[in-house]
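Chemist: I would like to see how this sequence folds:
(one chain, ligands or ions: 4)
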Amino acid sequence: MVSKIPVIEIFGPTIQGEGMVIGKKTMFVRTAGCDYACSWCDSAFTWNGEEKGRIVLMTAEEIFQKLKETGGENFSHVTISGGNPLLLKGLGELVDLLKTHQIRTAVETQGSRWQNWLPDVNDVTISPKPPSSGMHTDFETLDRMIEQLTLAGSHFCLKVVVFDEKDFDYAKKIHKRYPAVPFYLQVGNPDIALPDRDALAKMLIGRYEWLVNLTLQAEEMNDAYVLPQLHALVWGNKRGV
Ligand SMILES: C[S@@+](CC[C@H](N)C(=O)[O-])C[C@H]1O[C@@H](n2cnc3c(N)ncnc32)[C@H](O)[C@@H]1O
Ligand SMILES: Nc1nc2[nH]cc(C(=O)O)c2c(=O)[nH]1
Ligand code: SF4
Ligand SMILES: [Mg+2]
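Modeler: Ligands and ions are numbered 1, 2, ... in the order given. Below you'll find the predicted structure:
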């Protein structure tokens, strides 16, 4: 059966601005719908209904054609984000299709749902949500996901966004629970509507310095990586980059 995938935007090529493949040239496919509603979500338009009219139901083949139309020959990597792409069983068809065209894939998810296609993705980022998000982590589900990805030999990491010290404590707890999984701390952007790129960059670099200092002082973070959102520093709060 050919599945239809709810897509809200396809863009690129751009650079992966976050986490373990930061700086990598990639296209983005952003799916609609999320099982969370984080207070500070920078992509709330994927789930809050405000852009319902922009959601297009697409087959894997149609998504591939749109990627080629948008990126031409200028990409070899596609990042699937959302919303939560792991709500969509049918995305396995896209992952398979991209693989047959020698295109590598990445996925961004919060770790609340599993799909059997996940181990076929080349770069998997799991981003459990800290207290400031207002969300609650189901550790049973997360434990199982990490176990399955580990057994499958997947290339994956954990990435926690940090806004305050409580979030940093949560990050320590996550890193301690899964010590073998590469762990990334990411600066939270508290002002996703600020239009001025330079003002945003200045504020985010200040927050990055704060997070770096916390990391340097915490022996629990001796193996962690700490990063800003690179795309926010380059393009500010602009969409589709
Ligand atoms: C929009 S989410 C979509 C994928 C998935 N739902 C998730 O949360 O991992 C992509 C990434 O952006 C991060 N993110 C969302 N809002 C953010 C913000 N205001 N500041 C920093 N990172 C943010 C999320 O934590 C996640 O790592
Ligand atoms: N450049 C760029 N890098 C990103 N990394 C994760 C993103 C996301 O929204 O999932 C994202 C995004 O939207 N743009
Ligand atoms: S899980 Fe991701 S897409 Fe969903 S609300 Fe949180 S940050 Fe936004
Ligand atoms: Mg983003």
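Chemist: Work out for me the element His231 sits within.
Modeler: helix 230-235 (DSSP states H and E).
Chemist: just checking, Asp96 touches Val121?
Modeler: No: using Cβ atoms under 8 Å, Asp96 is not in contact with Val121; the gap is 10.7 Å. Yep, even glycine has a C-beta here, placed from its N, CA and C like the rest.
Chemist: higher neighbour count, those two?
Modeler: Taking other Cβ atoms under 10 Å, Asp96 and Val121 do not tie; Val121 has more neighbours (27 against 13).
Chemist: most residues in a single helix of this protein, which one?
Modeler: In terms of residue count, the longest helix belonging to the chain (DSSP state H) is helix 197-217.
Chemist: So the residue lying closest to Asp143 once chain neighbours are set aside versus Val7, what's the distance?
Modeler: Nearest non-adjacent residue to Asp143, counting by Cβ to Cβ, 6 or more residues apart in numbering: Arg177, 8.0 Å away. For Arg177, the distance to Val7 equals 34 Å [Cβ to Cβ, to the nearest Å].
Chemist: which SS class is the closest residue to Asp138 other than its chain neighbours?
Modeler: Counting by Cβ to Cβ, 6+ apart, Ser112 is the residue found nearest to Asp138 once chain neighbours are left out, at 6.3 Å. When classified by DSSP: H, G, I helix; E, B strand; the rest coil, Ser112 comes out as coil.
Chemist: wait, what's in contact with Ser112?
Modeler: For Ser112, the contacting residues are 35-36, 84, 86, 138, 141-142, by Cβ atoms under 8 Å, 6 or more residues apart in numbering.
Chemist: And those, which is closest to Ser76?
Modeler: Closest to Ser76 out of the contacts of Ser112 is Leu86 (23.6 Å), distances taken as Cβ to Cβ.
Chemist: residues touching the closest residue in space to the closest one that isn't next to it in sequence, list them.
Modeler: Nearest residue to Leu86, sequence neighbours excluded (Cβ to Cβ, 6+ apart): Arg113, at 4.1 Å. For Arg113, the contact set (Cβ under 8 Å, 6+ apart) comprises 35, 84, 86-87, 141.
Chemist: quick one: contacts for the closest residue to Val212 other than its chain neighbours?
Modeler: Of all residues not flanking Val212 in the chain, Val226 sits nearest, at 5.5 Å (Cβ to Cβ, 6+ apart). By Cβ under 8 Å, 6+ apart, the contact list for Val226 reads 184-185, 208, 211-212, 215.
Chemist: Show me how far the strand ranked longest in the chain is from its chain's centre.
Modeler: When the chain is parsed with DSSP state E, its longest strand is strand 5-15. Relative to the chain's own centre, strand 5-15 is displaced by 13 Å; criterion: Cα atoms, centre = their mean, to the nearest Å.
Chemist: Show me which residues of this protein sit near ligand 2.
Modeler: Listed as neighbours of ligand 2 in the chain under the rule Cβ under 6 Å from any ligand atom: 14-18, 28, 43, 81, 108, 231, 241.
Chemist: Present these as TSV; the columns should include neighbour count and distance to ligand 3.
Modeler: Conversion of the residues of the chain next to ligand 2 to TSV gives the following (neighbours: other Cβ atoms under 10 Å; distance: Cβ to the nearest ligand atom, whole Å):
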residue	neighbour count	distance to ligand 3
Thr14	19	18
Ile15	17	20
Gln16	23	16
Gly17	21	14
Glu18	23	12
Phe28	22	13
Ser43	19	5
Ser81	20	8
Glu108	24	8
His231	17	15
Val241	15	17
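Chemist: For ligand 1, tell me which of the residues you listed show up nearby.
Modeler: Taking Cβ under 6 Å from any ligand atom as the test, ligand 1 is in contact with 43, 81, 108 out of the residues of the chain next to ligand 2.
Chemist: Flag every buried residue along the longest strand of the chain.
Modeler: 5-10, 12-15 (16 or more other Cβ atoms under 10 Å).
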